[in-house]
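Chemist: pasting the sequence and the predicted coordinates here, then a few questions.
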Amino acid sequence: MLLIHCPYCEEMREEEEFSPAGQAHIVRPLQPEEISDEQWAHYLFFRKNPRGLHHEMWLHAAGCRKYFNATRNTVTYEIMETYKMGLKPSVTASEEGQS
Amino acid sequence: MSNSIQVESPLHHAQLEQLIGQSSAGGIVLHEHKLLGHLNLRGNAADAEFLAGVKEALGVALPITPCSSAKSDLAQIMWLAPDEWLIIVASGSEVEIEQKLRTYLTGHFAVSDISGAQTLLELSGKDVIGLMKKSTGYDLHLDSFPVGKVVGTTFAKTGAHILRVSEDRFQLIVRRSFSDYVWLWIQHGSQEYGLTIV
């Protein structure tokens, strides 16, 4: 069982309370009607599946019911940081020396 | 046929009243605080006017520290999320308090009467920590779960908000639809200690 830090409850909680919610920082196209179907499909359906560092959303489902962001290593499952919605990650792939 | 409507708690069918006094030696003591007024309040904790309005209406400042709670003669307030609180008031006073909040609050806020959606169970007794340890993964040590703290966590794999009223007394807010399950779980989990209904 992992302990995950909820940035809203401001403490470590059991993994059982959380549910993963996919890739973070996906920006909705500002003018959907002006982009091609392919670009729209990429926005809707295409997701990263990296080996290593990944920025993703988690939901504190049993606690404060807020979504937040996490930077996680998909190989080791280590969670480097969690941060509130709207904030930028402090750990990024370039800093880690990964692509 | 009568037109009168009888309000029933989610655990009406368990007939807890008839179990009162049947056993007095139990290490776990259960009491349902049934049919209390539950109000859900949402608003911006950074808005000074919102905070002042709530204090004016309820007589106590809104707890804005994560997982904290506050109490006045009128209401018990629990922090649920950075912009969401649960206000427990005496049975029958929920409409009056909701209107009071609407009088004192302006701007962007929401008050919902959710009294019918959940119920409040109180667990106490000398073995209550033993039952809690079986039921939730949250660390019950007083350093991590002091008196007055409220945590939204899992209880027997269902969601619950747990308030520590005193060292060996906990209040559980559970969903109406899960109250029967929690009741069965508490009976099962209390078998080794004995269960007293009060």
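Modeler: Looks like it arrived, so ask away.
Chemist: helix/strand/coil for the closest residue to residue B:62 other than its chain neighbours?
Modeler: Closest residue in space to residue B:62, ignoring its immediate chain neighbours: residue B:54 at 4.7 Å, by C-beta to C-beta, 6 or more residues apart in numbering or on different chains. Where C-beta positions appear, they are placed from N, C-alpha and C, glycine not excepted. With DSSP: H, G, I helix; E, B strand; the rest coil as the basis, residue B:54 sits in helix.
Chemist: mind listing what the residue positioned nearest the centre of chain B touches?
Modeler: In chain B, the centroid-proximal residue (C-alpha atoms, centre = their mean) is residue B:173; its distance is 3.8 Å. Applying C-beta atoms under 8 Å, 6 or more residues apart in numbering or on different chains, we find residue B:173 in contact with B:38, B:78, B:86, B:118, B:119, B:120, B:160, B:161, B:162, B:163.
Chemist: number of residues surrounding residue 31?
Modeler: As the question left the chain open, I've gone with chain A. Neighbour count of residue A:31, defined by other C-beta atoms under 10 Å in any protein chain shown: 6.
Chemist: switch to chain B, please.
Modeler: A total of 17 residues lie near residue B:31 under the criterion other C-beta under 10 Å.
Chemist: which strand residues bridge it?
Modeler: Applying DSSP bridges to residue B:31 yields these beta-bridge partners: residue B:122.
Chemist: so it sits right up against residue B:197, yeah?
Modeler: Yes - counting by C-beta atoms under 8 Å, residue B:31 does reach residue B:197; the two are 7.3 Å apart.
Chemist: per-residue confidence for residue A:1?
Modeler: Predicted confidence (pLDDT) at residue A:1: the value is 77.
Chemist: chain neighbours aside, what residue packs nearest to it?
Modeler: Closest residue in space to residue A:1, ignoring its immediate chain neighbours: residue A:15 at 5.3 Å, by C-beta to C-beta, 6+ apart.
Chemist: so what's that neighbour scoring on pLDDT?
Modeler: pLDDT, read off for residue A:15, is 95.
Chemist: from residue B:196, how far out is it?
Modeler: 35 Å (C-beta to C-beta, to the nearest Å).
Chemist: point out the residues in chain B that sit beside chain A.
Modeler: With C-beta under 8 Å from any C-beta of the partner chain as the criterion, chain B comes near chain A at residues B:66-67, B:80-82, B:84, B:137-138, B:144, B:151-154, B:157, B:159.
Chemist: distance of residue B:181 relative to residue B:159?
Modeler: 11 Å.
Chemist: more neighbours, those two?
Modeler: More crowded of residue B:181 and residue B:159, by other C-beta under 10 Å: residue B:159, with 17 against 14.
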